[in-house]
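**Q** okay, here's the prediction I keep looking at, along with the sequence it came from:
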Amino acid sequence: MILRAERVTLGYGRRPVVHEVTLDITEGGVGLIGESGSGKTTLARAFLGLLTPMSGNIWYGDQTLKKADLRKFRKDVQPVFQAEALDPRMRIGTSIAEALPRGSRPGAKQRVAELLEQVGLDPGLAARRPHQLSGGQRQRVVIARALAVDPRLLILDEPTSALDVTVQARILDLLASLDAERLLITHNLAVVERLCRTSHVLFAGRVVESGPTRDLLANPAHPYTRALRDAVPRLGGPPPEATGRAEAVPAGTGCPFRLRCPLAVPECERAPEPRDVESRQVACHRAEDVLAGASGGPVT
Ligand SMILES: Nc1ncnc2c1ncn2[C@@H]1O[C@H](COP(=O)(O)OP(=O)(O)OP(=O)(O)O)[C@@H](O)[C@H]1O
């Protein structure tokens, strides 16, 4: 385990938007799934040390981020940002060379060529500027930049959402082939299926279901996971529309999903604690009914 969030609450100003999340980044890839506004990027920013928790801790090995060696942390944990963030005026080679650790500048040209090859690009592209590359090539450059410091963990926020399906599949193959671990943020379930052994489903800033990705997708135990899965989770498909907004119920007033939940019962006015159900942790009073395939109405 490289990073761990322990009962982390995050927010902007005084408004919390992620509530008491506990989550380990373990081997085999970890997915954070949820619709727009559910808090995925906010949690990723905390894992990158860019947002300080209102309460709880981010652990890096056996130290909290407050006490950790930040130089080592910044080398170990690298974001993979959107390709649009590449400086349009800068040549690709310079852009990658800038990310290299200080001591390695003398051999930079050679190292840039190696990194370009590692991500499946012709080293000759180093002389070009971003607009002279395709979207898929630009995304590979972004990955090469992140790999420049030989990180242990990549934090990827929708790394392929701007790409067409075939290019997307090739970038996923590349990501799957890398040695670094992954925290992957997406609304696209096909992407987590390919890259993450474990997944966490966020709704309105709370983890509602966690477990092996395979199990979550094959047989969800939370009605929200089921809604996400059923809402066109094709590779390259649009974000699920049938699921509406994440901020359905204010915090502290029962299950956050209950106003949209086809299985809601009066008991759901009491917030469900996460509990172990089969292979996963799920925060739902009716997880067993969901697993059994119930589609609506109260338990009789
Ligand atoms: N800089 C900010 N200042 C204030 N509120 C913010 C800020 N960034 C995000 N938020 C709010 O925090 C909540 C969670 O946003 P976040 O970006 O983490 O969600 P997300 O799941 O990553 O969504 P998306 O998939 O659209 O990126 C939202 O209600 C959003 O409006």
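**A** All right, it came through fine.
**Q** residue boundaries of the helices in the stretch 1-150 of the chain?
**A** 40-47, 70-76, 92-99, 108-118, 135-147 (DSSP state H, counting those that start in this stretch).
**Q** what sits against residue 74?
**A** Taking Cβ atoms under 8 Å, 6 or more residues apart in numbering as the criterion, residue 74 is in contact with residue 49. For the C-beta atoms, the positions are set from N, CA and C on the backbone; glycine is no exception.
**Q** now it: how far from residue 294?
**A** Plainly put, residue 74 is 47 Å away from residue 294 if you go by Cβ to Cβ, to the nearest Å.
**Q** same check on residue 129?
**A** Taken as Cβ to Cβ, the span from residue 129 to residue 294 is 55 Å.
**Q** please list the residues of the protein that sit near the ligand.
**A** 12, 17, 34, 36-42 (Cβ under 6 Å from any ligand atom).
**Q** poorly predicted segments of this structure, please.
**A** For the chain, residues meeting the criterion pLDDT under 70 lie at 232-252, 296-300.
**Q** make it 80
**A** Across the chain, the ranges flagged by pLDDT under 80 are 1, 81-84, 102-106, 161-163, 231-253, 294-300.
**Q** checking the residue nearest the centre of it next. Helix, strand or coil?
**A** Centroid-nearest residue in the chain, with Cα atoms, centre = their mean: residue 185, separated by 2.0 Å. Put simply, residue 185 is strand when judged by DSSP: H, G, I helix; E, B strand; the rest coil.
**Q** contact partners for it?
**A** 31-32, 40-41, 44, 155-158.
**Q** rerun at 6 Å
**A** 32, 40, 44, 157 (Cβ atoms under 6 Å, 6 or more residues apart in numbering).
**Q** beta-bridge partners for the first one, please?
**A** Right, residue 32. residue 185, residue 200 (DSSP bridges).
**Q** could you measure residue 196 against the ligand, distance?
**A** Residue 196 sits at a distance of 16 Å from the ligand (criterion: Cβ to the nearest ligand atom, to the nearest Å).
**Q** thought that residue was touching residue 213?
**A** Yes - counting by Cβ atoms under 6 Å, residue 196 touches residue 213, with 5.2 Å between them.
**Q** residue 31: what's it in contact with?
**A** Contacts of residue 31 by Cβ under 6 Å, 6+ apart are 184, 192, 196, 199.
**Q** burial of the first one, as a residue count?
**A** Neighbours of residue 184 under the rule other Cβ atoms under 10 Å: 28.
**Q** one step back: out of the helices of the stretch 1-150 of the chain, nearest to residue 173?
**A** Nearest to residue 173, of all these, is helix 135-147, at 11.4 Å by Cβ to Cβ.
**Q** now that closest one: buried residues?
**A** For helix 135-147, the buried set under the neighbour-count rule, 16 or more other Cβ atoms under 10 Å, comprises 135-147.
**Q** which neighbouring elements make contact with the next helix or strand after it?
**A** For helix 135-147, the following helix or strand on the C-terminal side (DSSP states H and E) is strand 153-157. Under the contact criterion of 3 or more Cβ pairs under 6 Å, 6 or more residues apart in numbering; DSSP states H and E, strand 153-157 touches helix 40-47, strand 77-80, strand 181-186.
**Q** one step back: in a markdown table, list the contacts of residue 185 along with neighbour count.
**A** Below are the contacts of residue 185 laid out as a markdown table (neighbours: other Cβ atoms under 10 Å):
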| residue | neighbour count |
| --- | --- |
| 32 | 28 |
| 40 | 26 |
| 44 | 19 |
| 157 | 19 |
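**Q** of the helices and strands packed on strand 153-157, flag the one that's most buried.
**A** strand 181-186 (a mean of 24; mean count of other Cβ atoms under 10 Å).
**Q** by how many degrees do the helix or strand that contains residue 166 and strand 153-157 diverge?
**A** In the assignment (DSSP H and E), residue 166 maps to helix 165-177. Counting by axes from the mean of the first three to the mean of the last three Cα atoms, to 10 degrees, helix 165-177 points 160 degrees away from the direction of strand 153-157.
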